[in-house]
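[1] Take this sequence and fold it.
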Amino acid sequence: MTRWLALLAILLGLAQALPAAAGPALVETPMYEPDVAAGKLPPVAERVPQLPSVVDMAAEGKEPGKPGGEIAWMVARARDIRIMNTYAYARLVGYGPDFKLHPDLLESVDVEGEKVFTLHLRPGHRWSDGQPFTSEDFRFSWEDMELDKELSPYGPDTRLLVEGELPKVEYPDPVTVRFSWSRPNPEFLPALAGPAPLYLYAPAHYLKQFHKRYADAKALEALAKQAGMRNWVALFNLRSKLIDSANPDLPVLEPWVVTTKAPADRFVFVRNPYYHRVDSQGRQLPYLDRVIVNVVEGSLIPAKAGAGDADLQQRGLRFDNISFLKAGQAAGQYKVRLWTTALGSEVALYPNLNCNDPDWRTLNRDVRFRRALSLAINRDEINQVVFFGLARPSQNTVLPESPFYDPALATAWTQFDLAKANALLDEAGLSQRDSDGIRLMPNGRRLEIVVESNGERSLEADILQLIRDSWAKIGVALFTTQSQRDVFLQRIFSGDAVMSVWTGIDNALVTPTTVPSGLAPVDQNWLQYPKWGQYVQTRGTAGEKPDEPFAEQLMALYDEWRTTADKGRRDAVIREMIRIQSDQVTSIGTVQGVLAPVVVKNRLHNVPEKGILSWDPGAHFGIYHPDTFWVDP
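    Numbering: from 1, shown residues only. The predicted model follows:
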């Protein structure tokens with residue numbers, strides 16, 4: 001311990017004594033000049049790490065910015081301010097605009113056979129309150145949070161397990177942390193880079209006051225009572241969530257720090273004086289001094305954005321807002337930029353292969369039935385009527401921007417072919433019809449499909465109406481019902497829903513580092529087979545074991561991807577999983593590549609003209625580094 005503390009002192013001394021090595025000469029931030037002059041804040045050379053992350057603005061196609069100013073944007077609920085953590089996107093490793101992984105908070109990462117990951121921190125890196133960011137923050141997170149039975153009663157985050165095996169975690173020195181497993185863990189680095197990341201660290205110096213292992217028991221009890229919490233665990237959880245932006249006192253590593261306590265309808269984020277990134281001219285990022293997040297009624301966001309009330313707005317805006325927003329550009333002093341969404345399908349239908357009704361379950365599991373329904377959708381009509389021809393008819397599959405895109409698979413079973421659809425339905429035992437021309441199920445019931453929706457998007461209703469008309473031509477009746485999201489999901493999870501409508505694959509921008517979890521029945525939220533996903537997530541304690549041959553094959557491929565270190569084999573596995581999904585039509589896509597409006601004030605610079613709006617990988621604005629956005633003085 002003595003040797004560890006001595007080394008820490010040496011490193012911190014170096015960080016204070018030396019300017020940022022291997023980088024440009026540092027320039028003081030105007031906002032901090034008075035505090036530096038008054039001795040209230042160290043100069044910039046002592047605030048940034050000894051080896052800061054230097055942003056090559058030219059390489060990113062950006063212009064060097066001017067520090068200062070603020071921007072505002074809107075959310076529909078106070079809890080949605082947590083999206084600020086996604087947009088700000090400071091991660092141990094993160095995706096760049098090239099959708100490849102790069103060190104960010106970390107100086108570097110050494111990977112040995114994807115079993116051993118040695119993380120190298122930046123010497124002199126500090127939390128937003130100026131305290132050192134070291135391997136102690138990793139030790140505290142692992143030993144005192146993840147392994148604590150009271151804080152983590154179900155064990156560590158499952159993303160830290162490899163076939164149930166816990167990692168071996170070591171801390172060779174203050175700036176080095178090592179995670180290792182006996183088998184490959186290709187999911188580790190992508191999990192660190194996610195929009196809702198796997199946190200391996202926490203500000204130990206701050207959180208120890210709320211942990212029973214470090215705090216006086218009576219003092220801790222008093223703190224919990226004062227906060228209205230039932231015990232120290234509830235208090236700790238309230239104070240410790242890095243992703244929520246809910247605790248202004250919690251030190252962070254993000255470019256901006258929240259300063260407003262909830263409840264509020266206006267949250268102010270102020271720049272982090274110890275942020276680790278600088279531009280190529282030596283100016284510490286972020287450029288913006290403040291970011292304001294206003295809470296407004298969700299239905300009003302398009303109107304307020306059109307009135308010029310936001311400097312940067314995408315959340316709450318939809319394709320059908322584009323015309324209205326463009327009409328307000330001059331008066332609102334903004335431009336509407338059209339980014340491509342990264343959904344596998346803007347709207348997709350999900351036959352519930354785990355529904356409770358045995359007749360519907362049998363029918364939904366018949367691939368001929370699923371293929372017939374897909375062939376009876378006129379996607380060109382949907383594209384023209386709803387999206388003005390600007391989208392791309394497709395299955396619910398990966399995007400052309402993905403290296404795994406195959407146009408033949410994207411269009412498989414998507415051509416509008418009523419004759420073939422009718423033939424498949426006849427072959428599936430649905431040849432009998434009633435006097436209205438509606439097909440009869442083997443049990444004699446009319447083939448009336450109830451598609452369940454949460455009613456949150458009006459374009460779903462427009463698309464379902466077009467599908468209703470075309471399905472009627474093959475003797476299939478379509479009805480819709482709406483319920484609130486929680487009820488909607490519960491009906492699907494429980495098996496009461498026969499079919500549902502939702503967006504397509506969230507992460508259709510599949511890259512070689514993407515964990516192919518969206519292509520296998522491993523999550524209850526995959527609405528075509530929720531009980532299979534629940535079975536995997538609960539390790540067999542709930543749900544149903546995948547029992548269809550294609551599902552078993554997908555699970556075997558998924559497990560192979562996770563256990564092999566052969567990158568070539570991994571790529572082949574992903575391609576095979578995409579092929580199976582397309583051939584089996586496990587979900588029924590409509591169109592992809594739909595444009596999303598992004599409102600950008602004329603005074604705001606370095607926001608890309610074109611971009612891909614992707615949750616993971618991408619973190620929406622995150623990969624485009626909002627810390628480099630700046631405003632005219």
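[2] Determine the number of other residues adjacent to the residue lying closest to Asn606 once chain neighbours are set aside.
    Spatial nearest neighbour of Asn606, excluding adjacent residues (C-beta to C-beta, 6 or more residues apart in numbering): Lys62 at 4.5 Å. The way it works is simple: take the backbone N, C-alpha and C, and place the C-beta from them, glycine included. Using other C-beta atoms under 10 Å, Lys62 has 21 neighbouring residues.
[3] correct me, but Arg485 touches Glu456?
    Yes. Using C-beta atoms under 8 Å, Arg485 is in contact with Glu456, at 7.0 Å.
[4] returning to what we had before: please verify my assumption that the residue nearest to Asn606 contacts Tyr624.
    No. Counting by C-beta under 8 Å, Lys62 sits too far from Tyr624 to count as a contact (9.1 Å).
[5] Show me what secondary structure element comes after the lengthiest helix in the chain.
    Using DSSP state H, we find that the single longest helix of the chain is helix 567-584. With elements assigned by DSSP states H and E, the helix or strand that comes after helix 567-584 is strand 588-589.
[6] residues making contact with the longest helix of the chain?
    In this structure, residues lying in contact with helix 567-584 by C-beta atoms under 8 Å, 6 or more residues apart in numbering are 186, 367, 370, 395-398, 404, 406, 409-410, 412-413, 510, 512, 514, 516, 519-520, 550, 553-554, 557-558, 560-561, 564, 587.
[7] do stretch 146-165 as well
    Contact with stretch 146-165 is made by 142, 144-145, 166-167, 179, 181-185, 187-188, 191, 198, 212-213, 233, 236-237, 562-563, as judged by C-beta under 8 Å, 6+ apart.
[8] From the residues you listed, list the buried ones, please.
    When the contacts of stretch 146-165 are checked for burial by 16 or more other C-beta atoms under 10 Å, the buried set is 142, 144-145, 167, 179, 181, 184-185, 187-188, 191, 198, 212, 233, 236, 562.
[9] Narrow these to those in helices?
    Per DSSP H, the buried ones among the contacts of stretch 146-165 map to helices at 188, 191, 233, 236, 562.
[10] Quickly name whichever of those is closest to Ile243.
    Ala191 (13.4 Å; C-beta to C-beta).
[11] quick one: contacts for the closest one?
    159, 197-198, 515.
[12] If we use 6 Å, what do you get?
    Ala191 makes contact with 159, 198 under the criterion C-beta atoms under 6 Å, 6 or more residues apart in numbering.
[13] what's the answer for Arg392, then?
    Arg392 is in contact with 591-593, counting by C-beta under 6 Å, 6+ apart.
[14] Would you mind pulling the contact partners of stretch 617-625?
    Residues contacting stretch 617-625 (C-beta under 6 Å, 6+ apart): 86-87, 89, 95, 97, 99, 195, 608.
[15] before we move on, the earlier item: between the buried ones among the contacts of stretch 146-165, which is closest to Gly437?
    Using C-beta to C-beta, those come closest to Gly437 at Arg562, 48.7 Å.
[16] Tell me the secondary structure at Val510.
    coil (DSSP: H, G, I helix; E, B strand; the rest coil).
[17] And for Asp110?
    strand.
[18] What is the neighbour count of it?
    Neighbours of Asp110 (other C-beta under 10 Å): 11.
[19] Show me where the stretch 501-633 of the chain has its helices.
    530-537, 549-563, 567-584 (DSSP state H, counting those that start in this stretch).
[20] and among those helices, the most buried is which?
    Most buried of the helices of the stretch 501-633 of the chain, by mean neighbour count (mean count of other C-beta atoms under 10 Å): helix 530-537, with a mean of 22.
[21] tell me the angle that helix makes with helix 549-563.
    30 degrees (axes from the mean of the first three to the mean of the last three C-alpha atoms, to 10 degrees).
[22] which other residues reach helix 530-537?
    The contact list for helix 530-537 (C-beta under 6 Å, 6+ apart) reads 354, 492-493, 521-524, 526, 542-546.
[23] neighbours around Leu447, how many?
    Neighbour count of Leu447, defined by other C-beta under 10 Å: 21.
[24] So it sits against Arg439, correct?
    Yes. Taking contacts as C-beta atoms under 6 Å, Leu447 lies within contact range of Arg439: 4.2 Å.
[25] Return the distance of Gly125 relative to Pro132.
    Actually, residue 125 is His. It isn't Gly. Applying C-beta to C-beta, to the nearest Å, the value for His125 to Pro132 is 7 Å.
[26] More neighbours: the two, which one.
    His125 (25 against 20).
[27] Give me the distance between that one and Gly155.
    30 Å.
[28] roughly how far apart are the nearest residue to Gly61 once chain neighbours are set aside and Ile623?
    Spatial nearest neighbour of Gly61, chain neighbours left out: Pro608 (7.8 Å); criterion: C-beta to C-beta, 6+ apart. Distance from Pro608 to Ile623, counting by C-beta to C-beta: 10 Å.
[29] the more surrounded of those two?
    Ile623 (22 against 17).
[30] just to revisit the earlier point, most surrounded residue in the contacts of stretch 617-625?
    Tyr95 (26 neighbours).
[31] okay, now the closest residue to it other than its chain neighbours: neighbour count?
    Residue nearest to Tyr95 in three dimensions, not counting chain neighbours: Pro617, with 4.3 Å by C-beta to C-beta, 6+ apart. Using other C-beta under 10 Å, Pro617 is surrounded by 25 other residues.
[32] what about Val450, which helix or strand?
    Counting by DSSP H and E, Val450 is part of strand 448-453.
[33] Sweet, I'm off.
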